[in-house]
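Asker: Pasted the sequence and its predicted model underneath.
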Amino acid sequence: GEAWTAFEGDLPDEEAVVDAFRERRPRTVIHRGGAGHQLRGLVEFAHLGYENTWAKLDRMFLSGNEPTLPSNVAYEGRFDDVSVYE
């Protein structure tokens with residue numbers, strides 16, 4: 001990730017991390033910076049732009065294959081009996 005939370009001391013498992021948040025233990029938020037961070041941000045922005053423009057138009061209007069439709073090939077016909085879509 002580009003940002004994360006660091007607690008003092010060792011937190012050996014997930015339960016210890018959850019407890020640290022619940023107890024409001026002192027923590028530091030660390031954020032990446034520099035050219036690498038800028039590049040990752042630009043790549044992510046470009047990817048979101050693609051997914052929310054051309055890829056979305058393709059899924060909805062050209063291929064007619066929105067991934068959330070029960071008729072999607074990924075579901076291998078498991079929902080054909082309850083699908084209201086043709």
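Answerer: Arrived safely, thanks for sending. Residues are numbered from 1 along each chain as shown.
Asker: domain ranges for the chain?
Answerer: For the chain, the TED database gives the domain ranges 1-33, 35-85.
Asker: and those domains, which one is worst for confidence?
Answerer: Confidence, taken as mean pLDDT, is least for domain 35-85 of the domains of the chain (a mean of 80).
Asker: How far does that domain sit from its chain's centre?
Answerer: 13 Å (CA atoms, centre = their mean, to the nearest Å).
Asker: Longest helix of this structure, counting residues only.
Answerer: Across the chain, the longest stretch assigned as helix under DSSP state H is helix 34-51.
Asker: List phi and psi for Ser71.
Answerer: Main-chain dihedrals, Ser71, degrees, to the nearest 10: phi -80, psi 0.
Asker: same question, Asp10
Answerer: Backbone geometry at Asp10, expressed as degrees, to the nearest 10, gives phi -100, psi 130.
Asker: Please, where are all the strands along the chain?
Answerer: Ranges of strands in the chain, per DSSP state E, are 3-7, 27-31.
Asker: Including distance to Leu62 and mean neighbour count, could those go into TSV?
Answerer: For the C-beta atoms, the positions are set from N, CA and C on the backbone; glycine is no exception. As requested, these are arranged in TSV below (distance: least, CB to CB, whole Å; neighbours: other CB atoms under 10 Å):
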stretch	distance to Leu62	mean neighbour count
strand 3-7	37	11
strand 27-31	39	10
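Asker: any chance of these in JSON lines, with distance to Ala16 too?
Answerer: Converted to JSON lines, those look like this (distance: least, CB to CB, whole Å):
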{"stretch": "strand 3-7", "distance to Ala16": "9"}
{"stretch": "strand 27-31", "distance to Ala16": "13"}
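Asker: quick one on the thing from earlier: now tell me what touches the longest helix of the chain from outside.
Answerer: Residues from elsewhere that reach helix 34-51 (CB atoms under 8 Å, 6 or more residues apart in numbering): Glu2, His31, Arg32.
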